[in-house]
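>>> structure of the sequence below:
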Amino acid sequence: MRHPAVLTGAKTLALLPHARSAASPEAAPSPEQRVAAMIAYLRSLVLAHPVTHERGHAVFVDANSAWIGDGPCGIGDMSTLTVSLRTLLGEALRIDARGLILAHSHPSGHCRPSGCDIAATRRLSDVARALEIALIDHLIFTTDAVYSMRAGGML
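This is a model prediction of the structure:
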């Protein structure tokens with residue numbers, strides 16, 4: 001049985017500006033389509049070829065959880081990723097983000113967060129909260145799954 005936090009989507013994710021329904025480009029996408037678009041977008045970035053090292057990416061949202069920007073936030077080796085909180089939160093402040101979603105890859109194929117992932121996420125959440133920025137979720141991607149730290153009770 002899969003752990004409940006191993007998702008094919010996460011309900012807290014915002015809509016990317018270019019994500020539209022293929023059937024009706026002008027129609028507003030459903031929540032499921034929004035989630036699928038965000039998951040696919042983040043997966044394509046953090047699991048870009050070659051998948052030999054951990055990659056991080058952040059999505060910034062406004063007070064209505066609408067996408068206002070995104071960008072890479074770190075690159076590591078096969079088992080670690082270093083993210084500069086100063087740089088990440090500085091960018092969030094610069095664009096007046098009210099929330100952020102952090103995503104990173106686990107090239108090892110193990111989707112569950114490491115002890116370092118948990119500690120870093122809690123630290124990021126605490127510092128972001130002090131700046132009035134919500135850490136909406138931290139997603140960990142492998143080629144086969146995505147793990148939501150929010151759904152896993154770690155946020």
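>>> please count neighbours and contacts with C-alpha atoms only from this point.
OK.
>>> and L102, that's in a strand?
Yes. Counting by DSSP: H, G, I helix; E, B strand; the rest coil, L102 is located in a strand.
>>> list the contacts of it.
Residues near L102 by Cα atoms under 8 Å, 6 or more residues apart in numbering: G56, H57, A58, V59, L135, D137, H138, L139.
>>> okay, and the beta partners of it?
Note on L102: beta-bridge partners A58, H138, judged by DSSP bridges.
>>> returning to what we had before: what about the contacts of L102, which one has the most neighbours?
Neighbour count (other Cα atoms under 10 Å) singles out L139 as the most crowded of those, with 29 neighbours.
>>> tell me where this structure has strands.
All strands of the chain, identified by DSSP state E, fall at 6-7, 55-61, 67-75, 99-105, 134-141, 146-148.
>>> the second one to strand 134-141, inter-axis angle?
On the basis of axes from the mean of the first three to the mean of the last three Cα atoms, to 10 degrees, strand 55-61 is oriented at 150 degrees to strand 134-141.
>>> quick check: angle from strand 55-61 to strand 99-105?
Going by the same axes, to 10 degrees, strand 55-61 makes 160 degrees with strand 99-105.
>>> related to what we said a few turns ago, distance to A103 and pLDDT added to the contacts of L102, as CSV?
Output for the contacts of L102, formatted as CSV (distance: Cα to Cα, whole Å; pLDDT from 0 to 100):
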residue, distance to A103, pLDDT
G56, 6, 92
H57, 5, 95
A58, 6, 96
V59, 8, 95
L135, 11, 97
D137, 8, 94
H138, 6, 95
L139, 5, 96
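>>> sorry, back to before: in CSV: the strands of the chain, plus distance to A120.
Putting those into CSV (distance: least, Cα to Cα, whole Å) gives the following:
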stretch, distance to A120
strand 6-7, 19
strand 55-61, 13
strand 67-75, 13
strand 99-105, 11
strand 134-141, 10
strand 146-148, 15
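>>> nearest to S114, of those?
strand 134-141 (10.2 Å; Cα to Cα).
>>> the nearest residue to R112 once chain neighbours are set aside and L93: what is the separation?
Using Cα to Cα, 6 or more residues apart in numbering and skipping the chain neighbours, the partner closest in space to R112 is Y147 (6.5 Å). Separation of Y147 from L93 (Cα to Cα, to the nearest Å) stands at 27 Å.
>>> re the thing from before, which residues does the residue nearest to R112 bridge with?
Here Y147, judged by DSSP bridges, has bridge partners V6, I140.
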